[in-house]
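Chemist: starting from these lines, generate the structure:
(chains A and B)
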Amino acid sequence: MRPRLRSLCTFLLVTFLVACSKDEPKSTRWNDAAAALASGAPVSASAAPVAAGSTLNARFPADGTDGYKRVFTQEKDGFAEAKLQKDGKDVATLSISDTNGTPDARAKFDAASEKLEGKYPLVTVGKNQSSVLVGGRWQVKVSSQSLDADQRKNLLTKFDLEGLSK
Amino acid sequence: MTEPLHTLLESLPETSLTTRLLGALDYVVPGEWNNIVSLEAMIRDVTGESDEALIQQIGERALVLFQDPEQGYERAVTVYRGVDSASTVAGAAALASAASERFEILSFLRDVAPKPDTVQAIDAGAKLAAELVAFTLTNGLPGDSVMDFANALASYGKEERIRVTAWLAFDAIIPLGPDFLAKIMDTLGSVDTSVLEENRILRFVSEHLPGDWGQKRDILRSNLENAGDRLKSFADERGMTQESLVAKAREYVDIADDKLDMLAAALDMSTNVFEHTGIQTVARRIVSRAYGEI
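Modeler: Numbering: from 1, shown residues only, chains lettered A, B, ... in the order given. Below is the predicted model of the structure:
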């Protein structure tokens, strides 16, 4: 094929692909999961009964800890969440979840090489989250796009982990 | 059948009259709102994570949470949507979004009747009640006391914040002026129950409020009493005056000086701020929870 013709063909092909891609869904990565949900039994987010979120609130670090303002943001069965703010800006998200509802979440702690306070298996999730498992049931997390792993670990110690494990 | 979370987000337009007007409010809350229209982009924004397997795991958990009726997230979307569909005139939204940068309000003026102040005030109170209902469905009642919605408003960010800013601008200050708070309170306190029952937005929101109409009226008023001062001082601090907001809106909508009452009615009919940002708010909260649970 002559070079000019070839470049024209390439141009047309690219134009065609760009035109097609506009009409396609923006992502296909969720299709399998969504299809599985649509075809199965009524969806429940919990595998087993879980604790009321309100029982978890008392285990969070107190308002004012390390100079942060604590604002509770979600409270659902088996899950409670708060954010820490400094100067009106969000710094970290704290959460406690009951893994009775999400037993798969426990598996990652089997490979934990570190224990917080010598007791609670500690793992890093992705690059912005630190998580401990307390009493084999309660998953306590600190997530932040600005704090490093040591700072997140320090915040984990500010939870009432002892009280939670009882 | 519930529409999955990811397609809900993907169905939001990247550009519409709604997004342009919200963009125009950026000067009030700089950088607060980005128009996120995919689940993947929302996960990256909430978590800052880039590992594809982790993003997949968070997204799949988010889909489950949204689909479980017990969790309330899907009902929250219903509330946000219902508020807008009760006020949108068929055709107006399509017409407005088809318009290019700026649209001639006269082109569909025949469909626009200015709202009497009474209707405007009830609409505004009803929309704020809808925000309260959707907040509770999305987040539960976080904290140990029955948390003041007003306190939550103070720490609102991102989509929540732009939505409340838009409410102040388009539902309160432009149509009702600087003493919007008193006007809404007076109206909600004084009109006959039958007037409340006939209001299209309130009729929809009331399905989600407990009690008889007397009790529903009390909820509307106490909600406004608790949140009102904070909202008013927010507007004052940010320099949100009727003049400055109308000038901003004029960059997008052609309107004569003596037609300001029509401006509010036309914007209400042709935009879906609650639905658009509400879906984003619910998605953000679900993703945050999914990240906490996996």
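Chemist: what ranges do the helices span in chain A?
Modeler: Here chain A has its helices, by DSSP state H, at A:3-23, A:31-39, A:149-156, A:161-165.
Chemist: hmm, I was thinking of the stretch 51-200 of chain B
Modeler: Secondary structure of the stretch 51-200 of chain B (DSSP state H, counting those that start in this stretch): helices at B:52-67, B:73-85, B:92-98, B:117-139, B:149-154, B:158-166, B:174-176, B:180-190, B:193-198, B:200-206.
Chemist: now mean pLDDT too, for those helices, in CSV please.
Modeler: What follows is these, written out as CSV (pLDDT from 0 to 100):
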stretch, mean pLDDT
helix B:52-67, 97
helix B:73-85, 94
helix B:92-98, 48
helix B:117-139, 92
helix B:149-154, 78
helix B:158-166, 96
helix B:174-176, 90
helix B:180-190, 95
helix B:193-198, 92
helix B:200-206, 91
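Chemist: reformat those as a markdown table; add distance to chain A and mean neighbour count.
Modeler: In short, each C-beta sits where N, CA and C put it, glycine included. Formatted as a markdown table, the helices of the stretch 51-200 of chain B follow (distance: least, CB to the nearest CB, whole Å; neighbours: other CB atoms under 10 Å in any protein chain shown):
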| stretch | distance to chain A | mean neighbour count |
| --- | --- | --- |
| helix B:52-67 | 4 | 21 |
| helix B:73-85 | 9 | 22 |
| helix B:92-98 | 17 | 17 |
| helix B:117-139 | 5 | 24 |
| helix B:149-154 | 8 | 18 |
| helix B:158-166 | 9 | 23 |
| helix B:174-176 | 27 | 23 |
| helix B:180-190 | 24 | 18 |
| helix B:193-198 | 31 | 13 |
| helix B:200-206 | 22 | 21 |
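Chemist: of all those helices, which one is nearest B:T19?
Modeler: Among these, helix B:92-98 comes nearest to B:T19, with 9.3 Å by CB to CB.
Chemist: max-length helix in chain B?
Modeler: Using DSSP H to assign secondary structure, the helix with the most residues in chain B is helix B:213-237.
Chemist: what about the closest residue to B:V46 other than its chain neighbours, neighbour count?
Modeler: In space, and not counting its chain neighbours, B:V46 is closest to B:V287: 4.6 Å by CB to CB, 6 or more residues apart in numbering or on different chains. Residues lying near B:V287 (other CB atoms under 10 Å in any protein chain shown) number 25.
Chemist: equivalent analysis for A:A38, please.
Modeler: For A:A38, using other CB under 10 Å, the count is 12.
Chemist: before we move on, what about B:L22?
Modeler: 24.
Chemist: how close does it sit to chain A?
Modeler: 20 Å (CB to the nearest CB, to the nearest Å).
Chemist: does B:N223 really touch B:L132, like I thought?
Modeler: Yes - counting by CB atoms under 8 Å, B:N223 touches B:L132, with 5.4 Å between them.
Chemist: need the residues touching each of these two.
Modeler: B:F149 (CB atoms under 8 Å, 6 or more residues apart in numbering or on different chains).
Chemist: would you mark the buried spots in the longest strand anywhere in chain A?
Modeler: Looking across chain A with DSSP state E, the single longest strand is strand A:89-98. Neighbour counts over strand A:89-98 (16 or more other CB atoms under 10 Å in any protein chain shown) mark A:D90, A:V91, A:A92, A:T93, A:L94, A:S95, A:I96, A:S97, A:D98 as buried.
Chemist: surely the second one meets A:S143?
Modeler: If I follow you right, that is A:V91. No - with contact defined as CB under 8 Å, A:V91 and A:S143 do not form a contacting pair (10.5 Å).
Chemist: the residue nearest to B:V46: what's it in contact with?
Modeler: By CB under 8 Å, 6+ apart, B:V287 lies in contact with B:L39, B:M42, B:I43, B:V46, B:T47, B:I58, B:G59, B:A62.
Chemist: and those residues, which two are furthest apart?
Modeler: B:L39 and B:T47 (12.1 Å).
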